[in-house]
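1. The sequence isn't on hand, but the structure is:
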């Protein structure tokens, strides 16, 4: 029977699982006296409805035989028993079993028609007044609209995954809005690309050169380049070429549309000296604000020539039992004199000591110091080295859920600035242009801003090249640390990181140190070796926990030794199925108590509680790593502990996390791990970059293990090409 498509009709008895973000559902359907478990994309189903589904039986290794739905149709309940079940299923507010029975007793098979077309006829039913009847009628209309929207998407061959999102945003007029402008979908609905909108647009008769289509293609191209390439703008000629190719239209038509968008203010043009750059307005405004604010702040110079500063530094040295190098002393003094300064350097060059020194001296001067970093792990590390609480930038700015116009807002801003005299920001290479804008809006005039980071690491995932642009503008005091201190020189991690950063081949044959290379000649050998290292060899030799203290960092997700393959392998090895551990099966994976997971989306609404119950708040952010501590299948919830915060996810939100036994190097930015394992295997050429391997290696505190081909390690080191980021912040800082 398995894999042969058949048709099954029946009544939905129970919706076991439903994910509103993608429409995936699991339900029990009563068909000819048999209960069939159906799975698939069914975004509009409700208990009590009849459906006719086409699909095939498949055997799940744990849950047994299930019917996988490829397409389906809903039918309005026809007999009184089905109608009563449907009315009391929870679809309609204020209608429980008793009220459903009363409605059916009075109106019989005409009950649903009465609710939709003559709702006030329900007056007289116990418990229903005019306001409640209006809400019931609205729910009925919503069900009808949702059904029509699903049928509309099916007609155009568009996945039903998007129906719920579209309906939630556009409401009951969704189909009318889409017919008027199908390209509004890719403008307003997360996950719907220009290609999806275009499929609808072309099929309902929009010509290729329609104004809506070309404008959507332009905006989509600029957004894709921002989120995938980090560009805040594109050269005009490049933009025209990309849009012309993607939309299959002439360059002249694209140029005309760009000109129109420039006149209306949707786009901004700026000459770079070599070409015209085209911005989306939001990124242009962010760059302008950051540049203007930094220049304004840097105009403040503090008078520190009273001799106390040197004594404070000496007291710091005495308390730490150290003697600062000239470069470190210079950096601390510069932080006292300047309102904006940058400290940059690789591992082992003393950034941590300088940061501690600045904090110590500022506090001795009676200054209030605030510490922040882009990620939770980076903030936690600042707390550990300083003894002061450090917060993520989002928490520091009191990030709050937003509205339809913006997914979030910040409680700290120009009208409610931060309460500090000194703000130290670590891992600034990770900060994109929009987050820097928000930080500077909340930064108090008259305070000192200290930016700390490694400009040679990978740039931010988001748009912009903030740290490098600030440094290259040469507009601010910048302490560039190059000397590797004696203790750090004893670490082969530090030595090899700097060799790679300088384009040299790292030492791979050193023994009895903290940097190891294991030659493997196939992807299968690489994966099996990594599994053995995580499960057996490293925990046994170093006495570390195989899940929490070892991190596998991959250049890519999809290769033979990438994140997806290794996560599946490592979950099986490190956290295998156990009757004592609750788990949750999803189409693409199974989550289990004890799993290591990562947030892959910013969720500004999710509630969290400190593990000691000292604080509550909202917001889990892209890149946060935690562990599954509880799975409640009855309550349909999963609990994840992120360092010192616990968040509870509804099952419908589980697309916001993924396994993190292995993660990409990009996702590791701002974090440090005791032991890092890096598969060195074939990846697309753009990923085989020097700064990627450098970033991966510098994530390790104690041990690095490379597994793969020696010649590929050399190729990483030799490939100095860094994909250019089109960013205008540097030029704006210069003028």
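-> Structure's in. What do you need? Since this is a predicted model, take the numbers as computed values, not measurements.

2. which ones are touching residue 600?
-> Listed by Cβ atoms under 8 Å, 6 or more residues apart in numbering, the contact set of residue 600 reads 622, 656-658. Bear in mind the C-beta positions are built from the backbone N, C-alpha and C, glycine included.

3. what ranges do the strands span in the stretch 451-600 of the chain?
-> Applying DSSP state E, counting those that start in this stretch to the stretch 451-600 of the chain gives strands spanning 477-481, 515-519, 550-554, 583-585, 590-592, 596-599.

4. Sort the contacts of residue 600 by pLDDT and name the bottom one.
-> Per-residue confidence across these is lowest for residue 622, with 81 (pLDDT).

5. close enough to count as contact, it and residue 602?
-> Yes - distance between residue 622 and residue 602: 5.2 Å, which falls inside the contact criterion (Cβ atoms under 8 Å).

6. Just the buried ones from the contacts of residue 600?
-> Buried members of these, scored by 16 or more other Cβ atoms under 10 Å, are 622, 656-658.

7. any idea which of those is closest to residue 336?
-> For these, the closest approach to residue 336 (Cβ to Cβ) belongs to residue 622, at 35.3 Å.

8. Can you convert the strands of the stretch 451-600 of the chain into TSV and add a column each for mean pLDDT and mean neighbour count?
-> Conversion of the strands of the stretch 451-600 of the chain to TSV gives the following (pLDDT from 0 to 100; neighbours: other Cβ atoms under 10 Å):
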stretch	mean pLDDT	mean neighbour count
strand 477-481	92	18
strand 515-519	94	18
strand 550-554	96	27
strand 583-585	89	18
strand 590-592	93	19
strand 596-599	95	23
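
9. So what's the gap between the longest strand belonging to the chain and the chain middle?
-> For the chain, the strand that runs over the most residues, judged by DSSP state E, is strand 6-19. Once both centres are worked out by Cα atoms, centre = their mean, to the nearest Å, strand 6-19 turns out to sit 32 Å from its chain's centre.

10. By mean pLDDT, flag the weakest helix or strand of this protein.
-> helix 486-489 (a mean of 61; mean pLDDT, DSSP states H and E).

11. quick one: which of the buried ones among the contacts of residue 600 is nearest residue 638?
-> Using Cβ to Cβ, residue 657 is the member of those that lies nearest residue 638, at 8.5 Å.

12. how near is the closest one to residue 386?
-> Remark: distance between residue 657 and residue 386 (Cβ to Cβ, to the nearest Å) = 30 Å.

13. go on, residue 83?
-> Looking at residue 83 against residue 386, where the rule is Cβ to Cβ, the gap reads 66 Å.

14. Please identify which of the two sits among more neighbours.
-> Set residue 83 next to residue 386 and count neighbours by other Cβ atoms under 10 Å: residue 83 wins out with 22 against 19.

15. residue contacts, that one?
-> Taking Cβ under 8 Å, 6+ apart as the definition of contact, the neighbours of residue 83 are 48, 77, 104, 109, 111-112.

16. Can you turn the buried part of those residues into a PyMOL selection?
-> For selection in PyMOL, the members of these meeting the burial criterion (16+ other Cβ under 10 Å) are listed in this command:
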select buried, resi 48+77+104+111+112
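
17. I'd like the contacts of residue 83 as a markdown table, with secondary structure and pLDDT appended.
-> Formatted as a markdown table, those follow (DSSP: H, G, I helix; E, B strand; the rest coil; pLDDT from 0 to 100):
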| residue | secondary structure | pLDDT |
| --- | --- | --- |
| 48 | coil | 77 |
| 77 | coil | 77 |
| 104 | helix | 92 |
| 109 | helix | 90 |
| 111 | helix | 90 |
| 112 | helix | 86 |
